[in-house]
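>>> Predicted structure and sequence below. I'll ask about it afterward.
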Amino acid sequence: MKSGLTLLFLLSLSTSLFCCDRLRHKGKLAVRKVEDKAANVLRSQIQKAVVVVFPPFDHARPDTENNKIRFKDFIQVELTPDVENIYCFDDPIGIDQDYMFAFNCDSTTSQKIIQKHQLILDTLHMGNGSGMQHDFEWWDKKRIEQLPQYSWTNGKQYYKFYWYDAQNRKAYFFDFDM
């Protein structure tokens, strides 16, 4: 009888230990899943915050989703079917910030941009921030020099310049502050 009780006790003890080990293992798996999920949510929230502070610009490729979003943010006119080949670039670091956009559009869209930004034909060409403009294949500085220049300033070191090449349906928009 004593050996039967001992055997029953040992059997019950080993079953309990086995069950506890399985529970401990399942608990560790559950904790790991929660940690992974929390890390993914945190990563996603950090990425969203970074995009708000430093929005991505894809200067090497046209018509990316980021470039279309930046077009809407900066150019502030409807992204109609005539708007294509959108290139954009930003240089937000330092005391001067500048943003460059080049894209194809028709003259109707060009007029909407001029109106939206209250741009005025600058016949005196008192400057265009050319020293701040960066060199890209899609930003034709020589052609820009030949185009009518529209400009706007708040009078306090914030400037916008715009050029439209009607012959090639090409627009250039330069936004900067000093």
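Here it is on my side, so go on.
>>> Could you check how far the closest residue to Asp135 other than its chain neighbours is from Asn85?
In this structure, Asp135 finds its nearest non-sequential neighbour in Lys141, 7.6 Å apart by Cβ to Cβ, 6 or more residues apart in numbering. Yep, even glycine has a C-beta here, placed from its N, CA and C like the rest. When Cβ to Cβ, to the nearest Å is the yardstick, Lys141 and Asn85 sit 18 Å from each other.
>>> In contact with the spatially closest residue to Thr80 that is not a sequence neighbour, which residues?
Leaving aside its chain neighbours, Thr80 sits nearest to Thr109 (6.0 Å; criterion: Cβ to Cβ, 6+ apart). Under the criterion of Cβ atoms under 8 Å, 6 or more residues apart in numbering, the contact list for Thr109 reads Val77, Thr80, Asp82, Val83, Ala171.
>>> Count the neighbours of the last one for me.
Each residue near Ala171 was counted by other Cβ atoms under 10 Å, and the total is 25.
>>> So it, which state does it fall into?
Applying DSSP: H, G, I helix; E, B strand; the rest coil to Ala171 yields a three-state assignment of strand.
>>> what's the pLDDT at Trp138?
Among the per-residue scores, Trp138 holds a pLDDT of 96.
>>> circling back to that earlier point, CSV for the contacts of Thr109, including distance to Pro56, pLDDT and secondary structure?
Formatted as CSV, the contacts of Thr109 follow (distance: Cβ to Cβ, whole Å; pLDDT from 0 to 100; DSSP: H, G, I helix; E, B strand; the rest coil):
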residue, distance to Pro56, pLDDT, secondary structure
Val77, 21, 97, coil
Thr80, 23, 96, coil
Asp82, 24, 98, coil
Val83, 19, 98, coil
Ala171, 21, 98, strand
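>>> Now the buried members of those residues.
Those of these that meet the buried threshold are Val77, Val83, Ala171, by 16 or more other Cβ atoms under 10 Å.
>>> quick one, phi psi at Lys116?
phi -60, psi -40 (degrees, to the nearest 10).
>>> List the contacts of it.
Under the criterion of Cβ under 8 Å, 6+ apart, the contact list for Lys116 reads Ile75, Gln76, Val77.
>>> if you set the cut-off to 6 Å instead, what comes out?
For Lys116, the residues meeting the contact criterion (Cβ atoms under 6 Å, 6 or more residues apart in numbering) are Gln76, Val77.
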